[in-house]
Each structure stands twice: as structure tokens, then as C-alpha cells.
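Novice: coords please:
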Amino acid sequence: MKKNSDVIQKIESLRALLAEYNYQYYVLDAPTVPDSEYDRVFQQLLQLEEAYPQYFSANSPTQRVGGEAIKAFDNMLHVIPMLSIDNVFEAVALHRFARRIAERLHCSDIAYSCEPKLDGLAVSLHYEAGQLVRAGTRGDGAMGEDITHNVRTISEIPLVLRTATPPQHLEIRGEAYMSKAVFNRLNARASQKGQKTFANPRNAAAGSLRQLDPRIMKERCLSFFPYAIAFISEDAPLSNSHYERLLSLKEWGFKINSDSERVLGLDACLKYYEYLLARRSSLAYECDGVVIKVDDIALQTQLGAATRAPRWAVAYKFPAEEALTRLLDIEWQVGRTGTLTPVARLEPVFVGGATISNATLHNSDEMARKDIRIGDVVIVRRAGDVIPEIIGAVLAERAPNTRGVSIPTHCPVCHSPVYKIADEAAIRCMAGLHCAAQRKEAIVHYASRKAMNIEGLGDKLIDQLVIQNILQSPADIYHLDLNTLANLDRMGIKSAENIIRAVEASKKTTFAKFLYALGIREVGEATAKILAQHFQNLETLYTANEEELMALNEIGPVVAAYLHAFFGEVHNKEIIRAIVAAGVHWPQAQKSTVQPLQGQTFVLTGTLETLSREEGKARLEALGAKVSSSVSKKTQGVVVGDAPGSKLDKAHELQVPVLTEKDFLALLKLWE
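Specialist: Numbers count the residues shown, from 1 in each chain. Have a look, this model is predicted:
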């Protein structure tokens, strides 16, 4: 008998410990143990519950995921109706609301509770003796649906109240919602799988709560904020302040919306509204207004309710973030990296506090998925400072004369052919050096330290030179003169002379650095070195087809396609010829017939005394080796300098050979 008593005591203590961990994590946002410790305790409890099924409890932390799927939802009667709240959309209407309250109460000095109006789904929670027994949706206010099995999966809803003296009967009402981060993650995953995405977080939350299988609901990661105590038995008296009652729920295990405030008077309500409106786009959840409630519970009772809404509360809505308008045309803009983006030209519409006439459609795949046509009535969304976007077309409003959108075959800026690489959504102009839309970015990259290293020729100076049309391509750098540079803003003779010297010095380079400087998409330093080692000159690189390029180590179909497209562009080759004609040159590389370290991987760590890490890396790569940033079982050697850090420990752990700098230099001499 004592054994059973010990088991029960152990199970209860583990449940209480996990409940405390959950409270610290979800309510206080201050976890005191790592996830591994939580998992250990959870597994210990799970094993005990499986070994002693007679002590099963539906409110155990192990039951968060819920049971098997149900066939349908039962109805749930609301003994206290779940009323709606009236909306107002302007300050004048809010003044009328406050005036009516003042007249009914014969008082003007009234305290209000101001709370964010979440765009989620209202839920009613019933507790008996501190245990969650049922939960339901609002439904029509009188009758909702029993969603207890799904609500149990929401981590921010306590299954057992965190108090030794819970009320015998308690009904809490609140909002179940999906955070923006979870919504974006859910839609990204659905998009990757070719599944239908949700239109907004509210739809996602509503769809999740109505899942018949609670395991699916658990994966949706819904959150919850309580907004009212609808009923509490007399054995647990609380404050007469609505706001303080919400704070007391935090002690019982609920996460409270920290953006809520109690204020005095209507002017303070209006200030709160402006404060929250300014923060709207940065909130972790969708918010479409402020709920303003008379704070005194006794005054709420005195004011009562009309047929469908309480007289003591109102929702002051934010300007709409979504609106309907007509799509007039689609234009294609070219970004600094050559990406073509479809931009919608709209009939001007006021949405999210601003008049919108343009909106992004992201890319051609997204446009096709949404089935957008010119002439459609479309839904436009604007959230804070986010670029307005088209959510979709209103198909019921589609007219017979709408027309599809043509995907461009040539760049609208430089008229070069555009390319769509397999498995990529973007359409790109590959005339990087020639295209005016990509001009500044191409020149900045060309002059950068790891490319041609033209010291002094930075972003701001290049901005001036491009705006004044002095630089139209990297080739024009080699025709800059002293007077032109000296007469620019914040420049003088001395600075101009330094830049002229740096330009002249840049003419002597390496084939790998030059290839990297061209700014070909996905061609970084390592890829440029591979290309330089394989091809002796530009001419052989020009004539290489995609199959030949893919035969090289670490060059796949995407990079091969970018290379082929770039060198297939006539204007790019003209600019390269002009650069070479200006005197840029490099030693003729001799293609090595023997690569002693081909296929081997090395790691450099710590500070080397006789050569830099970059030099060590270059010498290894010249011998055919790959230089990695992490140690694995496939690493052939770890070269260690001063203060090597964790990579040395990893090498010892995996039994990878360790080379001192002296060993490394001796072996380089041998290999070279």
C-alpha cells in the first residue's frame, strides 16, 4: 500500500514540477532549466504514467498533445452569453461612447482598462476545483463548439490552476491566436510542399482550433491571452478592478498581455491608442485595434448590456490594413542584383493609414499561384512600414476582359535577355556589368578589398560618380583623372592622387581575383579560384558549356547556369575587353597536371606567425585542397597557430591529425 502511495506522490510531484517549469517558460518568459532537463523530467513522468495507468489524469502535462482524432465537435452551451463588442473607427465615436457612460453613471472621472484587440478566436475555459474541464468557441454567443481536446494542446493555457486554494467554479474568456512568426513558418512550410497557404493568422488559428485531430493542432503552436473572468464562485473573492483581476490570473498560471494598461479618463485612452498604433507592425501578434473597458466591475454591472454587446466596452479599430481595389497594370522593376520583380499599379486606395497605388507581387511564381490578372479586383494589404502587397484576387468579381500577365523575356532597363534558373522563383538579368539598374552594385563590388582592392573608392564616392554619369561600368574606373576626382564633394588633390595610385596598382592582379571582381552571381572567392585553376584564360572560359563547368569540383547546375548566362551576354564581354585593354593583367596560370592534395580537406585555426590565414588557405587551395571552417571525420589535417580555440578540441575528439605551423610550412615546401 505504501508503494502505491509513494508512486502517487512521485507522479504528483513530477506533474507539479513540470507545471512550474511551464509557468516559468510561458508566463514569466524566464526559464530556469535547460530544455534537456525539462525533457528528462517529462520522460520520467511519462514512464510512470505508462507503468501505472490507474493514475491517469487528463490534466497531466504529458497529455498536452491530446488523444486520438474525434469524429465531430459537440455543442457547448454558454450559461453566460459570450457577447460581441461594438466597434468605433474614429475619435468622435469614442467620445460619444465615453459621454454615454458618464451620463449613465453621473461621473466623468472614470478608469478604463485598455487592451490590444487581438485578431484571433474567442475561447471560453471552464475550471472546476482548479482543473480544466471544458473549453468552447464563441459560436453564436449562446451556443459554441466544444474544443476541449484542442485547447489542451495550447501550452499557455494551464491544465491545472497554479494555486493551493482554487475557486470551485471559474470561467475565463480569452483569445487564442497564432503569432506572426508561427504563421510565417507555417505558410513557408506549406508553400515548400505545394500545399494551400493560410490568408492570415486569424484564419490559421480558427482552422487549427477546428482540427478534429489534436496532434495537428499541437503542431500549429497557438498562443492564448485571457481577457476576462466571466464567472468565479464566491469562495475566491477577487479585486473589483478588471485590470487587477487579469494580473491575478498570472499567479494562477496564465500569460497576461504585457501591452495592456489601466488609465484614467478618455484622453489617456486616446494616447494609449496612438501608442499601440505606432507599435502595431512590431508586435508579435496581429492587432486590429484597442479594446477599452470600464475598469470597475461594479460599474460594469451597473451599465449592463444591450442585446448583443456590453455598454461598458468598445473596440476602437485601427485603420484597415486590407482593402479592395483594381489592378490596372503590372510593371517589372530590376533590383541591384538583377532580380526582376513584378510591381502592381493600382487604382489608389486608402489602406493602413496611407494611400496605396503600387504593391509588390514578389515574383512570377507567386503571381501565378495567386492567379492574378490585369483588371482584377484584388485584396491589398499594408502592415505598418511593410511594403504593400497583393494577397489575392476576388475571383467572384473577375470580369471577362481581364488579361494574364506576360513574363518578360528581356530586361526592361538594358534589354538584355533574362533567365530563370531551375528551382528558383526569381527571373534575373545577367548583364550585371552593363545593366544601369545594377551599375552601382557592380562597381562597388569590383573595387572592394577582396576583389580589385581599389583603396579609397568606396560607396559614397562611387555614388557621386554614378549619379554624375562618370562611371557607367567598372571599365570607366581606369579612365578617371585627377581633376575629375579632386572636384567631387569631400575630395581634394591629395585624396584624388591616392585613388589614382590605387587604381593603377589594381591593374596587377590574379585571374581568380579578377573573376571574383566581375560579380557573377554565386561566384565567390573559392569558386573563382577553382575556375582560375582550371581555365588558363578568359577565352577558354567563354567557350565552356554548362556540362564542362559542372565537371569542376563544387560547381553545380545553378552556378554553371549563371556563369554560362553571364559570359553569353555580349555587353559583359565588351566591358571585360575594355578593362583588359586599360591594362588590367595577371600572370598566365600554368594548369597543374599534379594536384597533390586534390580531394583533401584542411582546417586552419589560431594565429599563424609567418603567414596569414588567407595566405595559408591560398597555398593549400593551389595544391588542390579544400579549406573548411569546421572539423569533421573527413578532415585530413588541422593546422594550429596561437589561441586555436574549440577546433583543436574537436580535432582531438575525432582523432584528426594536428599540424603545428612548423610542420605545416615543412609540408608545404615538400608539396610545392
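
Novice: could you use CA atoms for every contact and neighbour count after this?
Specialist: Noted.

Novice: where does the stretch 401-550 of the chain dip in pLDDT?
Specialist: Along the stretch 401-550 of the chain, the model assigns pLDDT under 70 to residues 422-423.

Novice: at 80 what do you get?
Specialist: 421-425, 432, 536 (pLDDT under 80).

Novice: where do the helices of it begin and end?
Specialist: All helices of the stretch 401-550 of the chain, identified by DSSP state H, counting those that start in this stretch, fall at 439-447, 459-467, 482-486, 493-505, 511-517, 525-534, 538-543, 546-550.

Novice: and the second one, what's buried?
Specialist: Of the residues in helix 459-467, 459, 461-463, 465-466 count as buried by neighbour count, 16 or more other CA atoms under 10 Å.

Novice: now do stretch 657-672
Specialist: Buried residues in stretch 657-672 (16+ other CA under 10 Å): 658-659, 661, 664-665.

Novice: can I get the residues you listed in CSV with secondary structure?
Specialist: Shown next, in CSV, are these (DSSP: H, G, I helix; E, B strand; the rest coil):
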residue, secondary structure
658, strand
659, strand
661, helix
664, helix
665, helix
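
Novice: returning to that earlier point: quickly name whichever of the buried residues of helix 459-467 is closest to residue 147.
Specialist: residue 459 (58.2 Å; CA to CA).

Novice: ok, and the closest non-adjacent residue to that closest one?
Specialist: residue 444 (6.2 Å; CA to CA, 6 or more residues apart in numbering).

Novice: what number of residues lie near the one you found?
Specialist: Counted with other CA atoms under 10 Å, the neighbours of residue 444 add up to 22.

Novice: what about it, distance to residue 624?
Specialist: 30 Å (CA to CA, to the nearest Å).

Novice: repeat for residue 527
Specialist: On the measure of CA to CA, residue 527 and residue 624 end up 13 Å apart.

Novice: residue 451 - how many residues pack around it?
Specialist: 23.

Novice: spit out the contact partners of it.
Specialist: Shown in contact with residue 451 (CA atoms under 8 Å, 6 or more residues apart in numbering): 445, 513-514, 516-517.

Novice: swap in 7 Å and give it another go.
Specialist: Residues near residue 451 by CA atoms under 7 Å, 6 or more residues apart in numbering: 513-514, 516-517.

Novice: where's residue 309 relative to residue 419, distance?
Specialist: 58 Å.

Novice: neighbour-wise, which of those two wins?
Specialist: Higher neighbour count among residue 309 and residue 419: residue 419, with 20 against 15, using other CA under 10 Å.

Novice: what bridges to the more buried one?
Specialist: residue 428 (DSSP bridges).

Novice: surely it meets residue 426?
Specialist: No - contact criterion CA atoms under 7 Å: residue 419 and residue 426 do not qualify, at 8.7 Å.

Novice: dump the C-alpha coordinates for stretch 407-426 into CSV.
Specialist: Provided in CSV are the C-alpha atoms of stretch 407-426 (Å, rounded to 0.1, in the frame of the first residue of the first chain):
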residue,chain,number,x,y,z
ILE,A,407,6.6,37.2,-68.2
PRO,A,408,9.3,39.4,-69.8
THR,A,409,12.0,37.8,-72.0
HIS,A,410,14.3,40.8,-71.8
CYS,A,411,15.4,43.2,-69.1
PRO,A,412,13.2,46.4,-69.1
VAL,A,413,16.3,48.5,-68.3
CYS,A,414,19.1,47.3,-70.6
HIS,A,415,17.1,45.0,-72.9
SER,A,416,19.4,42.0,-72.3
PRO,A,417,17.9,38.5,-72.2
VAL,A,418,16.6,37.4,-68.8
TYR,A,419,17.0,33.9,-67.3
LYS,A,420,15.1,31.8,-64.9
ILE,A,421,17.3,29.2,-63.2
ALA,A,422,15.7,25.8,-62.4
ASP,A,423,14.3,25.6,-58.9
GLU,A,424,14.5,29.3,-58.4
ALA,A,425,11.5,31.6,-58.3
ALA,A,426,13.4,34.7,-59.5
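
Novice: can you give me the buried ones in it?
Specialist: For stretch 407-426, using 16+ other CA under 10 Å, the buried residues are 408, 411-412, 414, 416-419, 426.

Novice: residue 260: which of those is nearest?
Specialist: Distances from residue 260 to these, taken by CA to CA, are shortest for residue 426, at 42.7 Å.

Novice: now the strands for the stretch 551-672 of the chain?
Specialist: Ranges of strands in the stretch 551-672 of the chain, per DSSP state E, counting those that start in this stretch, are 601-605, 626-628, 637-640, 658-660.

Novice: ok, which of those strands comes nearest residue 53?
Specialist: Residue 53 lies closest to strand 626-628 among those, at 52.6 Å (CA to CA).

Novice: mind listing the strands that closest one pairs with, and their directions?
Specialist: strand 601-605 (parallel).

Novice: could you give the mean pLDDT of the strand it pairs with?
Specialist: Per-region confidence: strand 601-605 scores 89 on mean pLDDT.

Novice: what residues does it touch?
Specialist: By CA under 7 Å, 6+ apart, the list of residues contacting strand 601-605 reads 613, 625-631, 635-641, 644, 647.

Novice: pull out the buried members of those.
Specialist: Among these, those buried by neighbour count (16+ other CA under 10 Å) are 613, 625-627, 631, 635-641, 647.

Novice: just send the residues you listed back as CSV, with pLDDT and distance to residue 15 too.
Specialist: CSV is the format used below for the buried ones among the contacts of strand 601-605 (pLDDT from 0 to 100; distance: CA to CA, whole Å):
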residue, pLDDT, distance to residue 15
613, 76, 54
625, 82, 55
626, 83, 52
627, 85, 51
631, 88, 42
635, 89, 47
636, 89, 50
637, 89, 50
638, 90, 48
639, 90, 51
640, 89, 50
641, 86, 52
647, 86, 41
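
Novice: residue 486 - how many residues pack around it?
Specialist: With other CA under 10 Å as criterion, residue 486 counts 16.

Novice: how about residue 6?
Specialist: Neighbour tally, residue 6, other CA under 10 Å: 11.

Novice: just the strands in the stretch 301-450 of the chain please.
Specialist: According to DSSP E, counting those that start in this stretch, the strands that the stretch 301-450 of the chain contains are 313-317, 322-334, 339-351, 354-360, 377-381, 389-393, 418-419, 427-429.

Novice: no further questions, thank you.
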